[in-house]
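Novice: have a look; sequence and predicted model below, questions after that.
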Amino acid sequence: MSYPITSVRSAFELTGKTFIVTGGAQGIGFAIAHAICEMGGNVAIWDIQPSPANPHAYAALSSQFGAKTVYIQSDVSKQAGIQDAFEKTMREFGTVDGVVPAAGIAIDKPFIEQTWDEYNRIQDINVRGTFFTVQLVAKHLIESKKKGSILLIASQSAHIALPGYRMAAYNASKGAVAMLNKVLGVELAPHGIRVNSISPGFVDSDMTRNVRETKSKREGEQMWMAPPNQRLSTQNDLTGAAVYLLSDASVHTTSADIAITGGLHAGTIDGLISYEASEADGLN
Ligand SMILES: NC(=O)c1ccc[n+]([C@@H]2O[C@H](COP(=O)([O-])OP(=O)(O)OC[C@H]3O[C@@H](n4cnc5c(N)ncnc54)[C@H](O)[C@@H]3O)[C@@H](O)[C@H]2O)c1
């Protein structure tokens with residue numbers, strides 16, 4: 001038996017669809033929001049920052065692509081914060097088709113020095129924020145008897161120890177996101193809700209720039225020395241996969257993860273796992 005071949009180009013369109021993007025004031029979240037709008041969709045951006053990092057780029061989502069957008073200041077680690085943001089989003093759009101919980105923070109510090117408060121803050125935002133934001137959206141989709149797509153932002157840190165970096169609390173948080181990707185994809189499948197993730201490698205962003213500032217030269221350079229493709233990722237390396245996973249092009253894909261690491265999840269060419277390079281080693 002053969003099936004009629006359908007249009008692949010139109011399957012990638014997001015026309016008329018609305019997605020919540022948390023952490024969308026800048027960085028990866030904003031790049032994904034931009035991609036959604038370019039493909040015809042609308043976005044509700046939630047972020048702890050009072051306004052988008054680049055107001056002109058945010059305004060261009062409407063002026064350039066004709067997207068409907070709303071920006072809501074919200075702390076995803078607070079129950080009242082996400083509830084309030086969700087209600088505001090519903091007032092603006094009436095419904096949503098999915099969510100990209102991209103809000104996240106990282107820390108690079110020896111395991112034995114990471115504090116209770118640092119650990120809690122990372123889990124509160126990266127895990128609990130993701131968990132309950134997705135829960136609000138899933139509840140809405142189920143009640144509306146509507147299909148949807150959820151794109152989680154995991155990380156290479158969910159799969160490997162990063163060359164030159166010590167991020168145990170962050171690794172644990174992204175490991176949790178990677179597991180949520182599996183269980184939620186399975187549990188929500190009967191409702192027509194797909195859940196997938198991307199696992200970015202080292203992406204040039206405020207997050208990685210901040211982390212790199214605390215490192216030796218040699219450790220910092222692991223970000224582009226270690227990946228087989230031998231460069232830092234950019235947000236643009238992620239948006240094609242994001243559009244694919246949010247759109248009907250991936251209609252039969254759920255609980256999948258796409259590693260976008262320049263090959264680092266598979267191995268390294270020149271990368272060295274070195275934490276303690278010092279001037280005495282002549283390596284800085
Ligand atoms: N940069 C990387 O190399 C990399 C790699 C893998 C995964 N990621 C993940 O990608 C996501 C985006 O990171 P990025 O690199 O764009 O970093 P970024 O720091 O540029 O952006 C993170 C955004 O999250 C927002 N945010 C932080 N705490 C928040 C809170 N409590 N409530 C709401 N918003 C909050 C910030 O204001 C910021 O706009 C994160 O989940 C991160 O873990 C990043």
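Specialist: Nice, I can see it. All of these numbers come straight from a predicted model, not from anything done at the bench. Numbering: from 1, shown residues only.
Novice: ok, and the closest non-adjacent residue to T234?
Specialist: D204 (5.6 Å; Cβ to Cβ, 6 or more residues apart in numbering). (Glycine included, C-beta is placed from N, CA and C.)
Novice: and that neighbour, what does it touch?
Specialist: For D204, the contacting residues are 232-235, by Cβ atoms under 8 Å, 6 or more residues apart in numbering.
Novice: what of A154?
Specialist: A154 is in contact with 174, 177-178, 181, 197-199, 257, counting by Cβ under 8 Å, 6+ apart.
Novice: and the pLDDT at the residue nearest to T234?
Specialist: Predicted confidence (pLDDT) for D204: 92.
Novice: and it, how far from G262?
Specialist: As for D204, its distance to G262 is 12 Å (criterion: Cβ to Cβ, to the nearest Å).
Novice: again with S149
Specialist: From S149 over to G262 (counting by Cβ to Cβ), the distance is 26 Å.
Novice: so which of the two has more stuff around it?
Specialist: Neighbours of S149 and G262, each counted by other Cβ atoms under 10 Å, are more numerous for S149; the result is 25 against 21.
Novice: do you know how far N196 is from the ligand?
Specialist: Distance, N196 to the ligand, by Cβ to the nearest ligand atom, to the nearest Å: 15 Å.
Novice: what is the neighbour count of the residue nearest to that residue when sequence neighbours are not counted?
Specialist: Once flanking residues are discounted, N196 sits nearest to L245: 4.4 Å by Cβ to Cβ, 6+ apart. By other Cβ under 10 Å, the residues close to L245 number 25.
Novice: could you pull out the strands for the stretch 101-250 of the chain?
Specialist: Secondary structure of the stretch 101-250 of the chain (DSSP state E, counting those that start in this stretch): strands located at 148-153, 193-200.
Novice: show me the shaky parts of the chain.
Specialist: The chain contains residues with pLDDT under 70 at 270-284.
Novice: tell me the residues of it that contact the ligand?
Specialist: Contacts of the chain with the ligand, taken as Cβ under 6 Å from any ligand atom, map to 22-23, 25-29, 47-49, 74-77, 102-106, 125, 153, 155, 200, 202-203, 205-208.
Novice: of those residues, grab the buried ones for PyMOL.
Specialist: A single PyMOL command selects the buried members of those (16 or more other Cβ atoms under 10 Å):
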select buried, resi 22+23+25+26+27+28+29+47+48+74+75+76+77+102+103+104+105+106+125+153+155+200+202+203+205+207+208
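Novice: once you drop chain neighbours, what's closest to the closest residue to the ligand within the stretch 51-200 of the chain?
Specialist: With Cβ to the nearest ligand atom, the shortest gap between the stretch 51-200 of the chain and the ligand falls at G104, namely 2.3 Å. Sequence neighbours aside, N126 is the residue nearest to G104 in space, at 4.9 Å (criterion: Cβ to Cβ, 6+ apart).
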